[in-house]
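> Quick one, fold the following:
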Amino acid sequence: MTRPLGNQVFRFAPSSNGHLHLGHAYSALLNFDMARAAGGRFLLRIEDIDVERCRPEFERAILEDLDWLGLTWEEPVRRQSEHFADYAAALARLERLGLTYPCFCTRGEILTAAAARPNWPRDPDGTPHYPGACKLIPPEERRRRLAAGQAATQRIDMQAALARFGARLSWREYGANSEGWDVAAEPGLWGDAVLSRKDIQTSYHISVVLDDALQGVTDVVRGEDLYAATSLHRLLQALLDLPPPSYHHHALLRDAAGQKLSKSLRAKSLRALRQEGLSPSAVRERLAPPPILTSAM
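Next comes the predicted model:
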């Protein structure tokens, strides 16, 4: 089945915690070009829930770089830092459904507990599943700790969530030739994932699914490093009664050592390439042919 056309909404959603590199340029251009080819809309969203690392100067640089590449987008730009109330409301809904619980454990305590158990399961990112200690805390003790100001993350009770939807979830994935296939979601691989951090009262997972729904995004085009996370996102969409978009996970740009381009590994920024004299057309030439997945992973 080929991808339908008409009334499609695409988005590029970078984090303002550093400068864009060629990997970001590829994803942004791919979203922009696909939106234009479909006669659809292209949105820009700034994912800045991490208020400690995200800075206004990085956001300004993102806008400058995308403008230099020749991209245009609808206004206003959605900034996640302006919508914490939306994410809190979504988390409160899941709590009322009995699908979350507060976790007071530190990262060190979790790693120690997991290390003591042979063959303890890990999520697709390699993080040990939460052993579940805080799930056993009586409700009145949870309320006492929270009232006393003890910091806590909010975790999804995966067992309870799967009891509602379980194996009935899937998403529509499209390849380079617009042919689509259904992918069975496996949210259980993530265990009791964190939905709200101690220092930030939300998480990427909650914010991204809610933003996509509120902005009417129909086509999520992003890197293959988020392919596995789509299973968790489909579960959250189902639990929150959000419409699921179609997905297109493209291959990542990598350096000579095979590492994906990233800010943490100091990938050369678009600004640096621009200062070296690289033109927007040269950027497009460097990114062609596009590394897009053409079959199910």
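> contacts and neighbour counts: CA atoms only from here.
Will do.
> Could you list the buried residues of stretch 179-190?
Under the neighbour-count criterion of 16 or more other C-alpha atoms under 10 Å, stretch 179-190 has 180-181, 185-190 buried.
> what would those look like in CSV with secondary structure and distance to Tyr247?
Below are these laid out as CSV (DSSP: H, G, I helix; E, B strand; the rest coil; distance: C-alpha to C-alpha, whole Å):
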residue, secondary structure, distance to Tyr247
Gly180, strand, 9
Trp181, strand, 10
Ala185, coil, 13
Glu186, coil, 16
Pro187, helix, 16
Gly188, helix, 20
Leu189, helix, 19
Trp190, helix, 19
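> Just the element for Gly126, please.
Under DSSP states H and E, no helix or strand contains Gly126.
> Near it, how many other residues are there?
9 (other C-alpha atoms under 10 Å).
> Phi and psi next, for it.
The phi and psi torsions at Gly126 (degrees, to the nearest 10) take the values phi 90, psi 0.
> tell me the SS of His249?
At His249 the chain is in strand, as set by DSSP: H, G, I helix; E, B strand; the rest coil.
> what does the one 3 residues further on give?
Reduced to three states with three-state DSSP, the structure at Leu252 is coil.
> can you give me the helices in the stretch 101-250 of the chain?
Remark: helices assigned in the stretch 101-250 of the chain by DSSP state H, counting those that start in this stretch are 107-115, 139-147, 158-164, 204-214, 229-239.
> Out of these, which gets the lowest mean score?
Per-stretch mean pLDDT for the helices of the stretch 101-250 of the chain is lowest at helix 107-115 (a mean of 88).
> List the buried residues of the longest helix seen in the chain.
Assignment by DSSP state H gives helix 22-38 as the longest helix of the chain. For helix 22-38, burial by neighbour count (16+ other C-alpha under 10 Å) applies to 22-35, 38.
> Okay, and the beta partners of Ser269?
His21 (DSSP bridges).
> What residues does it make contact with?
Contact analysis of Ser269 by C-alpha atoms under 8 Å, 6 or more residues apart in numbering lists 19-22.
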